[in-house]
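Participant: I'll drop the sequence and a predicted model, then ask my questions.
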Amino acid sequence: MTRIERTRPRRFFIETWGCQMNELDSQRMAGQLMQQGILPTREPAEADIILLNSCSVREKAEQKVYSRLGEYRLLKKNRGELLIGLCGCVAQQEGERALDRVPDLDFVLGPARVGELQDVVARRRAGERVVATGFPEERQYDIDAVSRHGEYKGMVTIIEGCNKNCTFCIVPQTRGPERSRPLADVLREVRHLVDYGFQEIELLGQTVNHWREPEGSADFADLLDQVARIPGVQRLRFVTSYPRDFTPRMVEQVGAHANICPYLHLPVQSGSDSVLRRMGRGYTVDGYLDLVDQLRRARPDLALSTDLIVGFPGETADDFERTLELVREVRFSVIYAFKYSPRPGTAAPRLDGAVDPEVASERLQRLFDLQEGIQREINESLVGKDLDVIVTGWGKRPGTQTGRSTCHRIIHFEAGSEPIALGSVTRVRVEKALSYHLTGQRLAVPAAALN
Ligand code: SAM
């Protein structure tokens, strides 16, 4: 072995699937490893630790993780020291079974145990194949051990887990029961991020608007108000809101604070009351439309996005037409639509009326076609407007950068002679609209004029 090889720093590689909560968990795991002097790499082949932070919301996502584990274990042939860890929702769902299924897997770490990564790695190095899953009462969360390098926004978990038990959804099993973080703890982390230079803060939770002060009476409207008032919070977002939990006081807050971004993700799942009932969502289409109306009255510039499932058991052609009708009526700026995927341990696979997969695919395509036209029209209405854009990265062509408007549109723009740092806010004039993004020119506006 050469001297250079012996002094080479250890490296880690993390692959992340799924929601923002997984993204933040990956930042937390990266931070813990970096505290130990282990550096990130983009190359799995040069890593000493590989972590797969998985999603199990749909079967395909779960299959992808297992096929990737198959690829990475081949790297162990040349590097006996390499550790491979399965993390995230598949880890919680599979536990011990994953170790049986993948002989070269070193450890399994569930989403509620992310704070224990250093300990799990040490135990593995001492010879134990660890399974750390379940939902401990004590939350190990060190806000200084989060690697936010290369991130344009600061994400803050305010509530973990989910109690909704929608009949299609595996999340309550993989992320456990709801646990709200104390308000003081949330405010401390937001201030920390502002001091660190983040202009955009994103509050996270599977049912973010169901946050409650653990030992008090404050609810999400109070939390939103207090976070929005922190000096330096220029852009505030929160995801994912549950329609039934949105109260008039929360709507009021969305209207009251200019730094709350005019963009809201509000999953509806279906436009048919009978499907919503079988999904166990606890609201009706009229209830949802009424909420949209209240929100748009409070905030006329509000852009909405949603999640939709097609081919849910028992979904008829008529039910699906109602979903199309809802999409036409609300005019979402973006939709995330999926074919129903049966998940273990959920109630929906026992329901009658399985939809033929080909019919579900055809419905999904019709939904995307409808949305594409709506999205293009909405985006075209923005041509000629000046948008405040947070820089999220570099464009494909030299001299171009990419960002997100306050209403969450992706915009590629000519950066001018001096490109701007990731996470800074700039103003861009929209010149062209496509269905999935906008293009434009950066305007010379003094930073003080940007909100
Ligand atoms: N907590 C959020 C809610 O339901 O309001 C989102 C949970 S999940 C991480 C994100 C999206 O995945 C859901 O809104 C739903 O549209 C989709 N999804 C969840 N389970 C699914 C399943 N079994 N098949 C297809 N899509 C699913």
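Facilitator: Received, thanks.

Participant: show me what contacts the nearest residue to Glu414 once chain neighbours are set aside?
Facilitator: Closest residue to Glu414 apart from its sequence neighbours, by Cβ to Cβ, 6 or more residues apart in numbering: Gln441 at 5.2 Å. Just so you know, the C-beta spots here come from the backbone N, C-alpha and C atoms, and that holds for glycine as well. Gln441 is in contact with 413-414, 428-429, 431, counting by Cβ atoms under 8 Å, 6 or more residues apart in numbering.

Participant: give me that answer again for 10 Å
Facilitator: 386, 413-416, 427-431 (Cβ atoms under 10 Å, 6 or more residues apart in numbering).

Participant: part of a strand, is it?
Facilitator: Yes. Counting by DSSP: H, G, I helix; E, B strand; the rest coil, Gln441 is found in a strand.

Participant: kindly state the beta-bridge partners for it.
Facilitator: On the basis of DSSP bridges, Gln441 is bridged to Glu414, Arg429.

Participant: kindly state the pLDDT recorded for it?
Facilitator: The model reports Gln441 with a pLDDT of 94.

Participant: repeat for Asn209
Facilitator: We have a pLDDT of 98 for Asn209.

Participant: specify the local secondary structure of it.
Facilitator: Secondary structure, three-state DSSP: Asn209 is helix.

Participant: is it true that it touches Glu178?
Facilitator: No. Between Asn209 and Glu178 there is no contact under Cβ atoms under 10 Å: 11.8 Å.

Participant: now do the shared contacts for those two.
Facilitator: Ile159.

Participant: right, is the helix or strand containing Ile201 up against the ligand?
Facilitator: Here Ile201, judged by DSSP states H and E, is contained in strand 200-204. No. Strand 200-204 lies out of reach of the ligand by Cβ under 6 Å from any ligand atom, never closer than 10.9 Å.

Participant: flag every residue of the chain that's near the ligand.
Facilitator: Taking Cβ under 6 Å from any ligand atom, the part of the chain that reaches the ligand is made up of 19, 57-58, 162, 166, 168-169, 171, 206-207, 240, 242, 267, 269, 307, 309, 338, 340-341, 343.

Participant: so which of those are in helices?
Facilitator: Within these, residues falling in helices by DSSP state H are Val171.

Participant: so Arg296: helix, strand or coil?
Facilitator: With three-state DSSP as the basis, Arg296 sits in helix.

Participant: need the nearest residue in space to the residue of the chain found nearest the ligand, chain neighbours excluded.
Facilitator: Closest approach between the chain and the ligand, counting by Cβ to the nearest ligand atom: Asp307, at 3.3 Å. Closest residue to Asp307 apart from its sequence neighbours, by Cβ to Cβ, 6+ apart: Pro267 at 3.8 Å.

Participant: tell me the confidence at the one you found?
Facilitator: pLDDT, Pro267: 98.

Participant: from the chain's centre, how far out does the longest helix along the chain sit?
Facilitator: Using DSSP H, we find that the single longest helix of the chain is helix 357-380. Put simply, helix 357-380 sits 22 Å off its chain's centre (Cα atoms, centre = their mean, to the nearest Å).

Participant: list the helices and strands it packs on?
Facilitator: strand 303-310, helix 317-330, strand 334-339, strand 425-433 (3 or more Cβ pairs under 10 Å, 6 or more residues apart in numbering; DSSP states H and E).

Participant: most tightly packed of these?
Facilitator: Burial of the helices and strands packed on helix 357-380 is given as mean neighbour count (mean count of other Cβ atoms under 10 Å); strand 303-310 ranks first at a mean of 21.

Participant: that one relative to strand 334-339, how many degrees between them?
Facilitator: 10 degrees (axes from the mean of the first three to the mean of the last three Cα atoms, to 10 degrees).

Participant: and Asn209 and Glu178? which has more neighbours close in?
Facilitator: Neighbour totals were compared for Asn209 and Glu178, and Asn209 leads with 26 against 18 (other Cβ atoms under 10 Å).

Participant: so what's the more buried one up against?
Facilitator: Here Asn209 is in contact with 158-159, 203, 219-221, 223-224, 238-247, 250, 264, 266 (Cβ under 10 Å, 6+ apart).

Participant: how far does the helix or strand that contains Gly31 sit from its chain's centre?
Facilitator: Per DSSP H and E, Gly31 falls inside helix 20-35. How far helix 20-35 lies from its chain's middle: 14 Å, per Cα atoms, centre = their mean.
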